[in-house]
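Trainee: after the sequence you'll find the predicted model.
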2 protein chains.
Amino acid sequence: MTPDAAPAAPPRPAIVLASGGLDSTTCLAIAKADGYGPVYTMAFDYGQRHRHELAAAERVARHYGVAEHRVVTIDLRQFGRSALTDDALAVPKNRDEAAMAAGVPVTYVPARNTIFLSYALAWAEVLKADDVFVGVNALDYSGYPDCRPEYVAAFQAMARLGTERTNFTVRAPLVHLSKAEIIRLGTGLGIDYGMTHSCYDPIVRGAGSDADVLACGRCDSCLLRKKGFAEAGVPDPTRYA
Amino acid sequence: MTPDAAPAAPPRPAIVLASGGLDSTTCLAIAKADGYGPVYTMAFDYGQRHRHELAAAERVARHYGVAEHRVVTIDLRQFGRSALTDDALAVPKNRDEAAMAAGVPVTYVPARNTIFLSYALAWAEVLKADDVFVGVNALDYSGYPDCRPEYVAAFQAMARLGTERTNFTVRAPLVHLSKAEIIRLGTGLGIDYGMTHSCYDPIVRGAGSDADVLACGRCDSCLLRKKGFAEAGVPDPTRYA
């Protein structure tokens, strides 16, 4: 280093919970744009009925050149009771917004965000990182109690007391945004949402490579996504069945 | 049921986090004595260096006839950084109390209790149970931040916001007791502490059956246990090497 070199900016490590979906990909782009670095991504193999979500998470992490993309295997399937992990329960289709808003849906996975954030907290301790980004969203949250801002604040308070990371912060930059606002924000950050995957019940054609995965277009997640692009006035790059 | 039969007491399901150690076994005996039922136990296979803890947890659960004993496999080893999961770090021996009290020890596992309680919360949602017992202890806690009462209260607050269990309660009946007080309490409840296992670094002689596992007598956990029995004036049934 030459004597007149500018001092290097101190590292601002951050972890982004990455599902390969629209929201978490927007969080990752925000963390990058806000100057966090090194940025780490953490995805969860929790016995989802489909694995395309994990492929999308890895694709997005690679695209953004993260320092490390970690996949944690956790067995939420043993707890059953969600259509996302339990083959005996059907993913609901073509529900209107009133039906989506009426209580906790069958796609709810027990304590999912709490378990995900707890693993991120463990990794944050090891990395000596204080910031974890999570794409939870209270407006389009379809009735999940663990997507509300008061929940996020309570997790942060608990984490600061339970670890050495007394400045630990859960960053939920999308929590008050509508899906359309998220899409506009992300589009402004240059995100290609064609990389991302939201469908709860994708249709696989052919040999199962990424090129053969189509969104069902009728589950809650697809319906919210479609509506978001329409309201944002942004062309929807999703390939629907 | 005959018309004059007394109405059945409503079920009071509870989950006890069970490590096979002295504290969690005392919690299980307290839950039973307080009339909770059905009682479920949850143990974690988190890549501990020794497996005798899991054998002890199962032995204790069987002894108390729990409704279900569940072992959740989680990979905390990938986070390294603790002598309990990382083979490259040695378990400290023969430390005095000043050394034990000086900061977070090398046996700390990142966010361990947060991850454990999160899984218990997920199971509680499925079982529709409101009570989770955990044997954390602030007095003899050897510097673990996630053993303090303010941490326990913060976890409970977060859990009530993040799930449908709005009366969820973390019961930590040992949190203000000394090891000697715990041992006196448990002895009064008829616990045979010979079933339990506390050592961080046990010595295995012979083929590795339970009969061949001896406590090292020199790790923090053994030292606190020995001192507890001595102070309680209760004979120590532990077999030390």
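Mentor: Okay, I see it. Residues are numbered from 1 along each chain as shown, chains lettered A, B, ... in the order given.

Trainee: what about stretch A:126-146, start to end distance?
Mentor: Using CA to CA, to the nearest Å, one end of stretch A:126-146 lies 25 Å from the other.

Trainee: what residues sit buried inside the one helix or strand A:Glu181 maps to?
Mentor: Using DSSP states H and E, A:Glu181 maps to helix A:179-188. Buried positions in helix A:179-188, judged by neighbour count with 16 or more other CB atoms under 10 Å in any protein chain shown: A:Lys179, A:Ala180, A:Glu181, A:Ile182, A:Ile183, A:Arg184, A:Leu185, A:Gly186, A:Thr187. To be clear about C-beta, it is placed using only N, CA and C from the backbone, and glycine gets the same treatment.

Trainee: packing partners for it?
Mentor: helix A:22-33, helix A:220-232 (3 or more CB pairs under 8 Å, 6 or more residues apart in numbering or on different chains; DSSP states H and E).

Trainee: ok, and what's touching it?
Mentor: Helix A:179-188 has contacts (CB atoms under 8 Å, 6 or more residues apart in numbering or on different chains) with A:22-23, A:25-26, A:29-30, A:137, A:139-140, A:174, A:177, A:193, A:224-225, A:227-232, A:234.

Trainee: in chain A, which spans are strands?
Mentor: Along chain A, counting by DSSP state E, strands occupy A:14-17, A:39-45, A:68-73, A:131-133, A:169-171, A:203-204, A:213-214.

Trainee: helices or strands next to the fifth one in the packing?
Mentor: With contacts defined as 3+ CB pairs under 8 Å, 6+ apart, the packing partners of strand A:169-171 are strand A:131-133, helix A:149-162.

Trainee: quick check: mean pLDDT of that strand?
Mentor: Strand A:169-171 comes out with an average pLDDT of 98.

Trainee: for A:Pro38, see how far away A:Ile15 is.
Mentor: Taking CB to CB, to the nearest Å as the measure, A:Ile15 falls 10 Å from A:Pro38.

Trainee: the more surrounded of these two?
Mentor: For A:Ile15 versus A:Pro38, neighbours defined as other CB atoms under 10 Å in any protein chain shown are more numerous around A:Ile15 (30 against 15).

Trainee: pretty sure that one is touching A:Val132, no?
Mentor: Yes: here A:Ile15 reaches A:Val132: they are 4.8 Å apart, a contact under CB atoms under 8 Å.

Trainee: common neighbours of those two, please.
Mentor: What both A:Ile15 and A:Val132 touch, as defined by CB under 8 Å, 6+ apart, is the set A:Ala120, A:Ala124.

Trainee: out of the contacts of helix A:179-188, which end up buried?
Mentor: By neighbour count, with 16+ other CB under 10 Å, the contacts of helix A:179-188 hold A:22-23, A:25-26, A:29-30, A:137, A:140, A:174, A:177, A:193, A:224-225, A:227-229, A:232 as buried.

Trainee: which pLDDT value does the model give the nearest residue to A:Ala157 once chain neighbours are set aside?
Mentor: Spatially, and ignoring its direct neighbours in sequence, A:Ala157 is nearest to B:Ala154 (5.2 Å; CB to CB, 6 or more residues apart in numbering or on different chains). pLDDT, B:Ala154: 98.

Trainee: my guess is B:Ala154 contacts A:Thr163. True?
Mentor: No: contact criterion CB under 8 Å: B:Ala154 and A:Thr163 do not qualify, at 11.4 Å.

Trainee: now, of the helices and strands packed on strand A:169-171, which is deepest in the fold?
Mentor: By mean neighbour count, with neighbours taken as mean count of other CB atoms under 10 Å in any protein chain shown, strand A:131-133 ranks first of these at a mean of 25.

Trainee: touching, A:Gly35 and A:Arg12? I think so.
Mentor: Yes: between A:Gly35 and A:Arg12 there is a contact at 6.4 Å, judged by CB under 8 Å.

Trainee: please say which of the two ends up with more neighbours.
Mentor: Neighbour count, other CB under 10 Å: between A:Gly35 and A:Arg12, A:Arg12 has more, with 15 against 9.

Trainee: quickly list what that one is bridged to.
Mentor: A:Gly37 (DSSP bridges).

Trainee: and chain B, is stretch A:57-67 touching that?
Mentor: No: using CB under 8 Å from any CB of the partner chain, stretch A:57-67 stays clear of chain B, coming no nearer than 15.6 Å.

Trainee: may I ask which helix or strand of chain A has the lowest mean pLDDT?
Mentor: The weakest-scoring helix or strand in chain A, judged by mean pLDDT, DSSP states H and E, is helix A:97-101 (a mean of 63).

Trainee: pLDDT score for A:Ala67?
Mentor: For A:Ala67, pLDDT reads 96.

Trainee: ok, now which ones touch it?
Mentor: A:Gly37, A:Pro38, A:Val39, A:Tyr40.

Trainee: let's see that with 7 Å instead.
Mentor: A:Pro38, A:Val39, A:Tyr40 (CB atoms under 7 Å, 6 or more residues apart in numbering or on different chains).

Trainee: pLDDT and distance to B:Asp75 added to those, as JSON lines?
Mentor: Output for those, formatted as JSON lines (pLDDT from 0 to 100; distance: CB to CB, whole Å):
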{"residue": "A:Pro38", "pLDDT": "97", "distance to B:Asp75": "22"}
{"residue": "A:Val39", "pLDDT": "98", "distance to B:Asp75": "22"}
{"residue": "A:Tyr40", "pLDDT": "97", "distance to B:Asp75": "17"}
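
Trainee: I'd say A:Thr163 and A:Leu121 touch.
Mentor: Yes: counting by CB atoms under 7 Å, A:Thr163 touches A:Leu121, with 6.3 Å between them.
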